[in-house]
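Chemist: can't give you the sequence, but here's the structure:
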């Protein structure tokens, strides 16, 4: 899984994103359903490559990203076949907004990782 941002392609048009994904043999995962559904029809009519489209129902926050990735993996595992060319699928409510308990757990684990990293850095410096 790669994001348009990671590839420096986040400012390209929806059509350019779809063309790039198809050329790479990748499905496009997006929240922008209306434009890309219309583009899928145009790509099909023109015979342009299209590897499939997976639409999510809302923006993914940083806190939810791990849950989102798990939902994507479940989506792939539960399908009998991969998305077919020009196929459009929706990721059904793939993640829930974190509850207060989950938020506290996420904050605690982030704090623990920071403390462990700091301790490791101090130990490395002390042994040098």
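Modeler: Okay, I see it. As the structure is a computational prediction, the values presented were derived from the model and not from experiment.
Chemist: make it CA atoms for all contacts and neighbour counts henceforth
Modeler: Noted.
Chemist: where does the protein have its least confident helix or strand?
Modeler: helix 100-127 (a mean of 49; mean pLDDT, DSSP states H and E).
Chemist: What residues does the spatially closest residue to residue 28 that is not a sequence neighbour make contact with?
Modeler: Leaving out its chain neighbours, the residue that sits closest to residue 28 by CA to CA, 6 or more residues apart in numbering is residue 53, at 4.9 Å. Neighbour list for residue 53: 27, 28, 29, 30, 83, 86, 87, 88, 89 [criterion: CA atoms under 8 Å, 6 or more residues apart in numbering].
Chemist: let's see 10 Å
Modeler: 18, 21-22, 26-30, 33, 36-37, 40, 83-90 (CA atoms under 10 Å, 6 or more residues apart in numbering).
Chemist: Now, those that are in helices?
Modeler: 18, 21, 22, 33, 36, 37, 40 (DSSP state H).
Chemist: Neighbour-wise, which one of those leads?
Modeler: Counting neighbours by other CA atoms under 10 Å, residue 18 comes out on top of those with 26 neighbours.
Chemist: How much space separates that residue from residue 61?
Modeler: Relative to residue 61, residue 18 is positioned 23 Å away (CA to CA, to the nearest Å).
Chemist: If we ignore the residues flanking it in sequence, what's nearest residue 29?
Modeler: residue 54 (4.6 Å).
Chemist: just checking, that neighbour touches residue 18?
Modeler: No: using CA atoms under 10 Å, residue 54 makes no contact with residue 18, being 11.5 Å away.
Chemist: Low-confidence stretches in the chain?
Modeler: Residues of the chain that meet the criterion pLDDT under 70 lie in 32, 93-128.
Chemist: quick check: domain ranges of the chain?
Modeler: Split into domains by automatic domain parsing, the chain comes to 1-96, 98-128.
Chemist: Pick the most buried one from those.
Modeler: domain 1-96 (a mean of 15; mean count of other CA atoms under 10 Å).
Chemist: Most widely separated two among the ones in helices among the contacts of residue 53?
Modeler: 22 and 33 (16.9 Å; CA to CA).
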